[in-house]
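J.: Model the following, please.
(chains A and B)
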Amino acid sequence: MSIPATAEGVPVVPESVRGGDARAWARRLGRIRESKPALIGVGIIVFWVAAAALAPAIAPYPPNANDMAALAHPTPSAAHWLGTDHLGRDILSRVLWGARTVLTVAPLAVLGAAILGSLLGLTAGYYRGVIDLVIVRACDIVLSFPVIILYMIILAHFGSSALNIIGVLTLTKAPIIARIVRGLTIELREREYVAAAKMRGESPLYIMLVEILPNARGPLIVDMCLRTGYNVVIIGALGFLGIGLPPPDPDWGGMVKDTYGMMSVWPHMALFPCAAISSLVIGFNLLAVGLREIGLRD
Amino acid sequence: MALTVARFVLKHLAFLLLTLVVVSFLVFTLSEFSPGDVARKILGAYATQEQVEILTKQMGLDRPVLVRYVEFLGKIASGDLGNSTRFKVPVKDIIWTRLANTAFLAALAFACIVPLSMLLGIVAGMRESSALDRAILIFSTVVASVPEFALGVFLASVFVVALGWLPGTATLVAGGGWSVASQLVLPVAVIVLFDAGYVVSMIRASMIEVMQRPYIRTAVLKGMSFRRVVVRHALRNAMINPITVILLQINYLISGVVVVETVFAYPGFGRMMLEAALFKDIALVEVGALVAVGVAVMTQILGDLAYMLLDPRIRA
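T.: As a prediction, the model looks like this:
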């Protein structure tokens, strides 16, 4: 591979060493078209993001409005396309508004975990020694905990809010990201450009954030994609267990919890939110499978 | 060899101990952080502040957290696990039966997950990108994506509501014309589908990697049948990584089981923990958390041990 030159004729570092610049990433994103799973995944995610963004405009009813007339006949009809739930609330509107909550909380939690995990992983991998040992052990301890039990204890104690859910998801997912970043950092810190930065007298923080982190982003992006999917599952499960986002605002897991006892009479009440959450997670996981395929072909 | 294994086990048991101490301290301080709350809960909302303070003093809850924590550890070590306020019985009377119920469910699921995912993973991985491989990859991605509670709802709507073949709850008490065995079908099916998806993809990835090794090419080039190459050469090497994954899976299994137990009203450990946490049954939550972590770490140690014994290169 020839080294491309900038306008001044100064050679820039080749992509293979720098881990790809913006252009390389744009090209890689363009290649999503080559992977069918990734394409389907993107399609599903775009659909739900649009649904979430447009919910106030396209939802036929306010999400918490009760239609008492519908209580007698809650099944899907012309007035309520997906029917109404046990309180006469329009399920289509609640599913659309529910997309808003889950698509805010899940990515924010992933972002939090990515920031905390990257910082921990960079510090551990860059300094090694005692700091490394402490961080690795602390991560192992968090990872050895069956997380759902941790959520139950924390959320039952502090009460459940969107912020608390983002908090516990950040804390429990950060160690996984820290492990990945640490492994990459140990490898990358031996590279020439890190030595060069040290020679220039850059601070360790600069080296970690500017020289090492950008080169670790490939595996990180695939993992964040998977992680978002898992977070959607966990948020749904928490809602289903009754320790999720507080009612009455629509949350897919909570909608299932409220209505699955009536499955034998009104199965549609639980089935539609289940279908919504399943399709969204499938979207994220297909995208992750596709991204990995594209990455493998490089 | 025996010495290496002994050292390995000792080192990991030390880590288990450290983990248990840290976790128990966190859970203890978390649940007993505000001592007044405990007395308030026992006395109810109508007790005066004075009464609450007297009980707090009587129970010794006004002493520093660290002192009470050490006392708590001493009690646990001597076998006194305290009383459950939610179930109105000593913790030791409920926790082991519930744990046994969950272990039973998990064992049944595990007995299905391992052979099923090995078969699918190996068949998919031995010819990467074949039509069969693509089909298995998509199938495993999709089933591993559907949350357990949704999977439970989907299966129940078909087999319970539409067909009426199976009962919708698994209370482990035969009734309503349903045997205990028929009650177990749906919970086990949900766990198997959800977890097998992940294990299949791990075994597939490992198999693909092994199939690209030079010794496989040599075996093929010397005229060995494909079937023999897979069974004799690839299988053993491809199984080393997944064994660890399968044992780590027990940690996910515990998480998934909580949800599945709630869906099907199964009297297991997970549902007990949920009820205890919602009811703020501190004694049960504390002991339950320790048991859960103990089980999780023990299986991790087993996984590492199996890895070491299977791969002679790691022993050295």
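J.: which bits of the stretch 151-300 of chain B sit near chain A?
T.: For the stretch 151-300 of chain B, the residues found near chain A under the criterion CB under 8 Å from any CB of the partner chain are B:153-154, B:156-157, B:160-161, B:168, B:251, B:254-255, B:258-259, B:262-263, B:270, B:273-274, B:277-278, B:280, B:285, B:288-289, B:292-293, B:296-297, B:300. C-beta: built from backbone N, CA, C; applies to glycine.
J.: element containing A:Phe272, please.
T.: Per DSSP states H and E: A:Phe272 is located in helix A:268-296.
J.: returning to that earlier point: just the buried subset of the residues of the stretch 151-300 of chain B next to chain A, please.
T.: Neighbour-count burial (16 or more other CB atoms under 10 Å in any protein chain shown) applied to these gives B:153-154, B:156-157, B:160-161, B:168, B:251, B:254-255, B:258-259, B:262-263, B:270, B:273-274, B:277, B:280, B:285, B:288-289, B:292-293, B:296-297, B:300.
J.: What residue in the stretch 1-150 of chain B comes nearest to chain A?
T.: Of the stretch 1-150 of chain B, the residue with the smallest distance to chain A, taken as CB to the nearest CB, is B:Ala150 at 3.8 Å.
J.: what does the model give that residue for pLDDT?
T.: Here, the pLDDT recorded for B:Ala150 equals 89.
J.: Could you double-check that A:Tyr206 lies in contact with A:Arg200?
T.: No. Because the distance of 9.3 Å does not satisfy CB atoms under 8 Å, A:Tyr206 is recorded as not touching A:Arg200.
J.: Those two: which is more packed in?
T.: With neighbours defined as other CB atoms under 10 Å in any protein chain shown, A:Tyr206 and A:Arg200 compare such that A:Tyr206 has more, 12 against 9.
J.: I'd like to know which elements whichever strand or helix holds the residue of the stretch 1-150 of chain B closest to chain A is packed against.
T.: Using DSSP H and E, the secondary-structure element containing B:Ala150 is helix B:148-156. For helix B:148-156, the contact count by 3 or more CB pairs under 8 Å, 6 or more residues apart in numbering or on different chains; DSSP states H and E identifies helix A:217-241, helix A:252-259, helix A:268-296, helix B:180-211, helix B:240-263 as packing neighbours.
J.: Go through those helices and pick out the most buried.
T.: Mean neighbour counts were compared across those using mean count of other CB atoms under 10 Å in any protein chain shown; the top stretch is helix A:252-259, at a mean of 26.
J.: what does it rub up against?
T.: Helix A:252-259 is contacted from outside by A:85-86, A:91, A:94-95, A:98, A:102, A:235-242, A:244-245, A:247, A:266, A:269-270, A:273-274, A:276-277, B:147, B:149-150, B:153, using CB atoms under 8 Å, 6 or more residues apart in numbering or on different chains.
J.: where are the low-confidence patches of the stretch 1-150 of chain B?
T.: B:1, B:32-38, B:41 (pLDDT under 70).
J.: centroid residue for chain A?
T.: Residue closest to the mean C-alpha point of chain A, counted by CA atoms, centre = their mean, is A:Thr228 at 1.9 Å.
J.: surely it meets A:Val105?
T.: No. If you go by CB under 8 Å, A:Thr228 and A:Val105 don't touch, sitting 10.5 Å apart.
J.: Which positions in the lengthiest helix in chain B come out as buried?
T.: The helix that spans the most residues within chain B, counting by DSSP state H, is helix B:91-126. Residues B:91, B:94-95, B:98-99, B:101-102, B:105-106, B:108-110, B:112-114, B:116-118, B:120-126 are the ones in helix B:91-126 that count as buried (16+ other CB under 10 Å).
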